[in-house]
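Colleague: Predicted model and sequence below, questions to follow.
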Amino acid sequence: MIRWGLGIAGTLLAGSLLAQASETPLAELEAGAGKAGWDGLALGMSSVQVERRTGITLAMQPGSSSGGGCRTYMVTVERNTLSLSLGFPSSKPGAKLLSIYVRFEGYQITAKQEALVRELKERIPGASYRPPKLAPPPSEAADPAPVYLIPDSDYAARLVPGDGLWITLRSCLD
């Protein structure tokens, strides 16, 4: 009986690992029609809408005052085993979600920058690279944390290979 149970557990574990490996690192990235977000959480949602979508009460903590108030208050939630840091300009119930940082895990951490950039551009047609304000600016391939402007919106996405993806207002990146 114990062998049978271990055999089933091993089969389920192997199946979940195979399923995970076939999923793309940015599978939950959502963008288009003037919206951007991750796994059902969209920038511009109120904190109440985010609570309803996640099923938890947001316990916001003071965050960074830099970045135009995009992360003045932060809360971390889990969505499908990933840790998301959500940034709001205030802790009031109507505060709008201005920033989502998706912390990569497992196979997402090992994804190469070229593959992440290719997938981001496939998921967001028309996404354009925005070089940093350095003199001289690095090439897109040499940029360690490239920023991509999401077309027809005020949003941008910053890829940090090996760590995560930041989806936010363009003004938050300046």
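Modeller: Good, I have the coordinates.
Colleague: T72: neighbour count?
Modeller: When counting by other C-beta atoms under 10 Å, one arrives at 21 neighbours for T72. Glycine gets a C-beta too; all of them are placed from N, C-alpha and C.
Colleague: Same question for the one 3 residues further on.
Modeller: Summarising burial for V75: neighbours were counted as other C-beta under 10 Å, giving 22.
Colleague: buried set for the strand or helix carrying E30?
Modeller: According to DSSP states H and E, E30 maps onto strand 29-32. The neighbour-count check on strand 29-32 (16 or more other C-beta atoms under 10 Å) flags L29, E30, A31 as buried.
Colleague: which residues touch the residue lying closest to the first one once chain neighbours are set aside?
Modeller: The reference is to L29. Excluding the flanking residues, the one nearest L29 by C-beta to C-beta, 6 or more residues apart in numbering is R123, at 5.2 Å. For R123, the contacting residues are L26, L29, A31, by C-beta atoms under 8 Å, 6 or more residues apart in numbering.
Colleague: Name the nearest residue to the first one, ignoring sequence neighbours.
Modeller: Taking C-beta to C-beta, 6+ apart, and ignoring the residues beside it in sequence, L26 has E119 as its nearest neighbour in space, at 4.9 Å.
Colleague: does that neighbour really touch P25, like I thought?
Modeller: Yes: between E119 and P25 there is a contact under C-beta atoms under 8 Å: 6.6 Å.
Colleague: neighbour-wise, which of those two wins?
Modeller: Each of E119 and P25 has its neighbours counted (other C-beta under 10 Å); P25 has more, 23 against 17.
Colleague: What are the phi and psi values at that one?
Modeller: The phi/psi pair for P25 (degrees, to the nearest 10) reads phi -60, psi -30.
Colleague: for the buried residues of strand 29-32, which one is nearest L159?
Modeller: Using C-beta to C-beta, L29 is the member of the buried residues of strand 29-32 that sits closest to L159, with 10.4 Å.
Colleague: which residues does the closest one bridge with?
Modeller: W38 (DSSP bridges).
Colleague: State the distance from it to I150.
Modeller: Applying C-beta to C-beta, to the nearest Å, the value for L29 to I150 is 10 Å.
Colleague: list the residues that contact both of the two?
Modeller: By C-beta under 8 Å, 6+ apart, the residues touching both L29 and I150 are I124, A157.
Colleague: quick one: the strands in the protein?
Modeller: Secondary structure of the chain (DSSP state E): strands at 29-32, 35-38, 41-42, 61-62, 73-79, 82-88, 99-103, 128-130, 147-149, 155-160, 164-169.
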